[in-house]
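In: Quick one: sequence and predicted model below, then my questions.
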Amino acid sequence: MADAFVSFAVQKLGDFLIQQVSLRTNLRDEVTWLRNELLFIQSFLRDAELKQSRDQRVQQWVFEINSIANDAVAILETYTFEAGKGASRLKACACICRKEKKFYNVAKEIQSLKQRIMDISRKRDTYGITNIINDREGPSNQSAMVRTLRRTTSYVDDQDYIFVGLQDVVQTLLAQLLKAEPRRSVVSIHGMGGLGKTTLARSLYTSPNIVSSFPTRAWICVSQEYNTMDLLKTIIKSIQGCTKETLDLLEKMAETDLENHLRKLLKECKYLVVVDDVWQREAWESLKRAFPDRKNGSRVIITTRKEDVAERADDRGFVHKLRFLSQEESWDLFRRKLLDVRAMVPEMESLAKDMVEKCRGLPLAIVVLSGLLSHKKGLNEWQKVKDHLWKNIFEDKFIEISNILSLSYNDLSTALKQCFLYFGVFPEDQVLEADNIIQLWMAEGFIPRGEEIMEDIAEGFLNELIRRSLVQVAYTFWERVTKFRVHDLVRDLAIQKASEVNFFDIYDPRSHSISSICIRHAIHSEGERYLSLDLSNLKLRSIMFFDPVFCKMSLINFSSVFQHLYVLYLEIRVNNTSIVPDAIGSLYHLKFLRLRGIDELPSSIGNLKNLQTLVVNEGRYYCVLPRETADLINLRHLDALYSTPLKHLGKLTSLHVFKGIGCNQWEDIDPVDLVNLRELSMRDINLDYSLNKIRRLKNLSTLRLFCDERIATNPDRFPSLNFLNCCEKLQKLWLKGKIEKLPDLFPNSITMMVLWKSRLTEDPMPILGMLPNLRDLILEDAYEGKEIMCSDNSFRQLEFLHLYHLWNLEIWHLATSAMPLIKGLAIDRCPKLKEIPESMKDAEDKLNVVDLHKHMGGFIF
């Protein structure tokens, strides 16, 4: 893992030498020597990391290398920052050479690093660390690796094991939830980590029978360290939604108020609440008073690793101990998860069966083992995996899940190790957003630069971790993973491995301490106490606040403590009286900035020339962006609902993703220079504005357009959409709002489309059916007619069709040759549609209906 830090330092040193052309010769020589020495040491790190688990001296050696690499980067960043404040780089460099106090003494610091490196080199020989050339990650192979990681992932549902051998369990628990027992009762599921308790609960929660039987549903994750107020708020938000009014109201409530408010919400409802991952009986006791018993058949599902928690949750409740898979079921699950079963020759199958048997029916162990072996080619590679695992098996016992996870982690490339460790920063049981993680990886420097677009490389990295079953897919849309989870045991591994190399540290309020060596800090609670620590001498690169009750942004010392930051992640509660201080503009190196509950940003934000990602309020609330936002020349992702029009945004030539712009604001932008824009989301569209300038975005691939629902006259109505045919690279299109008439022509490149609240009066199928590459179509409240016609040879590539809220639809004509590739069909709330076409019924055996969870008239397709 230290190889990742050294690689990053070598890259930064090289970039520094290119950028700082005016360096004095002796200082340039020092930087060059440091870069070359770190490059040489890199070849020894692979052997050292293999030995460090058995030799603490080697572990310390790796730690010292990691520390030197981090310090080298911090020295360069400080120099660049100070030089940038001078009249010119030449003047700043001269000041450093004269050792003026106001500039960082780079030469002196590098001399110190040289001494440390020479000492490390002597220890290398003493500890017997040898040179291992890591061919697989050399420059010549990097582009091949990137191409491999960008392959389309075939996502195997994490609920596979449910259909391997636990169908009987699902039916038993469904019967308990749906039985004619009016009393509110608790169904408890318990078992060890990795058995699939949460997956089983999620299968029940999304079951069509449950969805139709419980109008009100909510899900909360408790975890080991919980806050009752936060749990109550989560349930309320899942029921009421996350409107500004609701959030403002919740912030003013005490715990008793929240409890009473939730009771009132649930009082007249038949509800199902899942309380996931309960560790202490006290956690359930603190919540159950908020769940009223109105004798209407309401239910609560509890999942826990502890039997006593399950047994005592409800004296008359139902308790189920989750069993392990049988040997046959285990082998079936292993094969389902294996990427290429056909490549498994008989000898490999014999090896695999031995390893699967030693997993003793633990689903998580089986799927991770399958993910690991999927990336090992040939009998010899599989034998090596078995040999590694067998070293830790004594007296014919089973393989510890920790050993399989560690082996899977060690098998990752250097770049993937960094990305994997980052998961440990986030709070337990959090559903992570793919775009958020990708942008953070980019800001941290984990994603290599090259011919490929960085976002695509990062998405490939995430897909690779999914293929290895180290990540669980939570939600996909438009053939992309949009949300995912990391199992508790996998997160524990990330935290353990991160601590070994000081990758990050999480603030512990009990000891009121945090590592002064780590360059990344995460704060999950008591952020105010964290800021009372002496942070003045730290060289932090990333700071991430997840404390939901912290709101005093004024306590953050932007100008000194955080001046080296690449990442500032403030997932905190900020009230309307809070302001972002001007000092935030001094964070010269900042690449990622995420803020919540902000009304306005200061003009100093324009100083952040290195900023790549700016997310404000996650598209929930309006804010004021200063005109200096247009000066963020390296900005790639802008996500903010801003209220004041901004001119000159055409200067943002690096912009890839633009969310939150209003239609009236688009009028002030010349899009001709937005040459890299690939994704655009525009709101508040109405008949008064033309959308024709969108056609000038030559690389646009994803477009979301939302009409303004607040306008009294002609609400939700689009102007002409004929410009769409000129968007030659457009693949994904989402239109929300009334459409008088569909364009006669759409670009042939479109693969995904959503029409929502279109309220068309003419059948859209004849036009949409002619799109040669359309694979996924969602029609929701999109058509007011009685019939749809899918003619011969239409929808030749369509795989998934969703028909929602077509209230007047009675007849669906489907020609025999239409939709030959259909895989999934979802129909919901089409009350007058009595049956689906015969040809669709004939294809019913190949329809993927499990993922769609939709039903019509009680029949599931």
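Out: Looks like it arrived, so ask away. None of the values given here were measured: they were computed from a predicted structure. Numbers count the residues shown, from 1 in each chain.

In: Helices of the stretch 451-600 of the chain, residue ranges please.
Out: 454-467, 488-500, 527-531 (DSSP state H, counting those that start in this stretch).

In: List of residues touching the shortest one?
Out: The one in question is helix 527-531. Under the contact criterion C-beta atoms under 8 Å, 6 or more residues apart in numbering, helix 527-531 has outside partners 507, 509, 512, 514, 521, 523, 545, 547, 550, 552, 555-557, 572. In short, each C-beta sits where N, CA and C put it, glycine included.

In: Tell me how far Ile302 lies from Leu287.
Out: Per C-beta to C-beta, to the nearest Å, Ile302 is found 10 Å from Leu287.

In: Next: Phe550.
Out: Counting by C-beta to C-beta, the gap between Phe550 and Leu287 amounts to 23 Å.

In: quick one, what contacts the residue lying closest to Leu568 once chain neighbours are set aside?
Out: Closest residue to Leu568 apart from its sequence neighbours, by C-beta to C-beta, 6 or more residues apart in numbering: Leu593 at 5.3 Å. Residues in contact with Leu593, defined by C-beta under 8 Å, 6+ apart, are Leu568, Ile584, Leu608, Leu611, Thr613, Leu614, Val615.

In: sorry, back to before: can I get the helices of the stretch 451-600 of the chain in JSON lines including mean pLDDT, mean neighbour count and distance to Leu362?
Out: Shown next, in JSON lines, are those (pLDDT from 0 to 100; neighbours: other C-beta atoms under 10 Å; distance: least, C-beta to C-beta, whole Å):
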{"stretch": "helix 454-467", "mean pLDDT": "94", "mean neighbour count": "22", "distance to Leu362": "20"}
{"stretch": "helix 488-500", "mean pLDDT": "91", "mean neighbour count": "19", "distance to Leu362": "10"}
{"stretch": "helix 527-531", "mean pLDDT": "88", "mean neighbour count": "18", "distance to Leu362": "37"}
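
In: and Asn699, which of those is closest to it?
Out: Checking the helices of the stretch 451-600 of the chain against Asn699 by C-beta to C-beta gives helix 454-467 as the closest, at 12.7 Å.

In: And that closest one, what does it pack against?
Out: helix 139-149, helix 414-421, helix 434-444, strand 480-485 (3 or more C-beta pairs under 8 Å, 6 or more residues apart in numbering; DSSP states H and E).

In: Export that helix to PDB, keeping only CA atoms.
Out: C-alpha atoms of helix 454-467 as PDB (Å, rounded to 0.1, in the frame of the first residue of the first chain):
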ATOM      1  CA  MET A 454     -10.600  10.200 -15.500                       C
ATOM      2  CA  GLU A 455     -14.200   9.700 -14.600                       C
ATOM      3  CA  ASP A 456     -14.400   6.700 -16.800                       C
ATOM      4  CA  ILE A 457     -11.200   5.200 -15.300                       C
ATOM      5  CA  ALA A 458     -12.600   5.800 -11.800                       C
ATOM      6  CA  GLU A 459     -15.900   4.200 -12.700                       C
ATOM      7  CA  GLY A 460     -13.900   1.200 -14.000                       C
ATOM      8  CA  PHE A 461     -12.100   1.000 -10.600                       C
ATOM      9  CA  LEU A 462     -15.500   0.800  -8.800                       C
ATOM     10  CA  ASN A 463     -16.700  -1.800 -11.200                       C
ATOM     11  CA  GLU A 464     -13.600  -3.900 -10.600                       C
ATOM     12  CA  LEU A 465     -14.200  -3.800  -6.800                       C
ATOM     13  CA  ILE A 466     -17.800  -4.800  -7.500                       C
ATOM     14  CA  ARG A 467     -16.700  -7.800  -9.600                       C
END
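
In: That helix versus strand 480-485: what angle between them?
Out: Interaxial angle, helix 454-467 versus strand 480-485 (axes from the mean of the first three to the mean of the last three C-alpha atoms, to 10 degrees): 50 degrees.

In: Quick one: distance of helix 454-467 to the chain centre.
Out: Relative to its parent chain, helix 454-467 has a centroid offset of 11 Å by C-alpha atoms, centre = their mean, to the nearest Å.

In: From one end of stretch 721-730 to the other, what's the distance?
Out: Terminal residues of stretch 721-730 are spaced 14 Å apart (C-alpha to C-alpha, to the nearest Å).

In: Equivalent analysis for stretch 401-420, please.
Out: Using C-alpha to C-alpha, one end of stretch 401-420 lies 17 Å from the other.
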